[in-house]
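J.: This is the structure alone, sequence omitted:
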Ligand SMILES: Nc1ncnc2c1ncn2[C@@H]1O[C@H](COP(=O)(O)OP(=O)(O)OP(=O)(O)O)[C@@H](O)[C@H]1O
Ligand SMILES: Cc1ncc(CO)c(N)n1
């Protein structure tokens with residue numbers, strides 16, 4: 001099975017393209033990539049960014065779809081309106097599941113999506129998203145509202161669905177509480193939560209990339225969306241619980257952990 005990640009390169013290897021390809025590999029999927037930007041980055045922060053020319057992003061996508069039977073794709077850091085336009089136009093023609101991780105800001109505060117690209121993401125990318133996986137700050141920007149309560153989470157998800165995203169995973173990593181709770185809103189109207197203990201760790205660099213890549217790998221392998229989402233939560237929890245101790249800042253998660261350690265996720269149908 002072949003999956004595609006359309007994202008930025010993280011030279012530090014914990015997020016972006018590198019995290020996605022490691023996740024695909026661990027989940028038994030052949031990974032391909034279209035790189036939207038280079039970042040000079042480590043666990044302490046982003047030093048510099050060099051965006052790819054939109055035409056070169058298009059060239060990478062053309063080369064991939066010409067040759068490979070890609071069965072699912074994801075987007076990560078897309079940086080500019082012009083790159084989003086290229087990606088959306090391509091994905092509109094490909095009838096495969098698309099996971100949109102609406103990456104906006106790195107943990108150290110660097111901007112990974114230009115301010116003026118938010119509108120483009122809402123107008124052209126969400127309509128082609130099979131599933132969108134915002135963290136709370138991203139959901140606030142996309143939905144144009146403040147999120148504090150569970151009913152805010154549901155309202156924001158409804159707004160993203162109204163923009164065209166078919167299914168939504170609202171990630172709770174940025175909320176407080178003893179548990180890390182993600183809430184999933186499916187196209188058929190069903191809602192469920194996925195709960196794991198919140199781990200007190202600095203090693204959470206690339207959690208969102210890894211989680212969305214794991215969903216993509218599941219879809220590429222032909223799993224149902226719900227099953228792929230729950231398995232992805234297991235993957236990211238194992239990767240957070242067993243850190244590698246790399247770097248001096250927000251360290252990467254452990255992509256090897258899922259295949260080595262068991263990990264429980266509590267699923268609650270609302
Ligand atoms: N400290 C933690 N303990 C357990 N799970 C966590 C923790 N932090 C995040 N998660 C889980 O990791 C997944 C990614 O969520 P998060 O909200 O961190 O994404 P993100 O902010 O997009 O990540 P990124 O740093 O890549 O931008 C979710 O399933 C979330 O619940
Ligand atoms: C390239 C890249 N993509 C995504 C993130 C968000 O974790 C990051 N820090 N770097």
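T.: Nice, I can see it. What you see is a predicted model; the values in this text were computed from it and never measured. Ligands and ions are numbered 1, 2, ... in the order given.
J.: which residues does residue 184 contact?
T.: Contact analysis of residue 184 by C-beta atoms under 8 Å, 6 or more residues apart in numbering lists 167, 168, 169, 170, 191, 192, 193, 194, 226, 229. C-beta here means a position set from N, CA and C on the backbone, and glycine is covered the same way.
J.: and the fifth one, what does it touch?
T.: Just to be clear, that refers to residue 191. Contacts of residue 191 (C-beta under 8 Å, 6+ apart): 154, 183, 184, 185, 269, 270.
J.: Surely residue 133 touches residue 171?
T.: Yes: using C-beta atoms under 8 Å, residue 133 is in contact with residue 171, at 6.2 Å.
J.: Parallel or antiparallel, which strands does the lengthiest strand in the chain pair with?
T.: Scanning the chain for the strand with the most residues, using DSSP state E, yields strand 30-42. Partners of strand 30-42 in the sheet, by DSSP bridges, are strand 2-10 (parallel), strand 45-51 (antiparallel).
J.: returning to that earlier point: rebuild the contacts of residue 191 as CSV, extending it with distance to ligand 2 and pLDDT.
T.: What follows is the contacts of residue 191, written out as CSV (distance: C-beta to the nearest ligand atom, whole Å; pLDDT from 0 to 100):
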residue, distance to ligand 2, pLDDT
154, 25, 96
183, 21, 97
184, 21, 98
185, 23, 98
269, 30, 92
270, 28, 72
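J.: and the two most separated of those?
T.: Spanning the widest gap among the contacts of residue 191 are 154 and 269, at 14.6 Å by C-beta to C-beta.
J.: between those two, who's got more neighbours?
T.: Counting neighbours by other C-beta atoms under 10 Å for residue 154 and for residue 269 shows that residue 154 has the greater number, 17 against 7.
J.: Buried residues in the one helix or strand that one maps to, which are they?
T.: Assigned by DSSP states H and E, residue 154 falls within helix 150-162. Within helix 150-162, the residues scored as buried using 16 or more other C-beta atoms under 10 Å are 152, 153, 154, 156, 157, 159, 160, 161.
J.: same check, this time on stretch 64-72
T.: Using 16+ other C-beta under 10 Å as the test for burial, stretch 64-72 gives 64, 65, 70, 71, 72.
J.: who's in contact with the last one?
T.: Residues touching residue 72, when contacts are defined by C-beta under 8 Å, 6+ apart, comprise 3, 4, 96, 97, 98, 99, 216, 217, 219, 220.
J.: Need the per-residue pLDDT for it.
T.: Looking at residue 72, its pLDDT is 98.
J.: Show me what it bridges to in the sheet.
T.: Going by DSSP bridges, residue 72 forms beta bridges with residue 3.
J.: ditto for residue 31
T.: residue 3.
J.: Kindly reformat the buried residues of stretch 64-72 as TSV and extend each row with distance to residue 16.
T.: Shown next, in TSV, are the buried residues of stretch 64-72 (distance: C-beta to C-beta, whole Å):
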residue	distance to residue 16
64	17
65	21
70	19
71	21
72	18
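J.: Give me the distance between whichever residue of the stretch 101-250 of the chain sits closest to ligand 2 and residue 182.
T.: Going by C-beta to the nearest ligand atom, ligand 2 is nearest to residue 106 of the stretch 101-250 of the chain, at 3.7 Å. Applying C-beta to C-beta, to the nearest Å, the value for residue 106 to residue 182 is 20 Å.
J.: and the two? which has more neighbours close in?
T.: Between residue 106 and residue 182, counted using other C-beta under 10 Å, the more crowded position is residue 182 (25 against 22).
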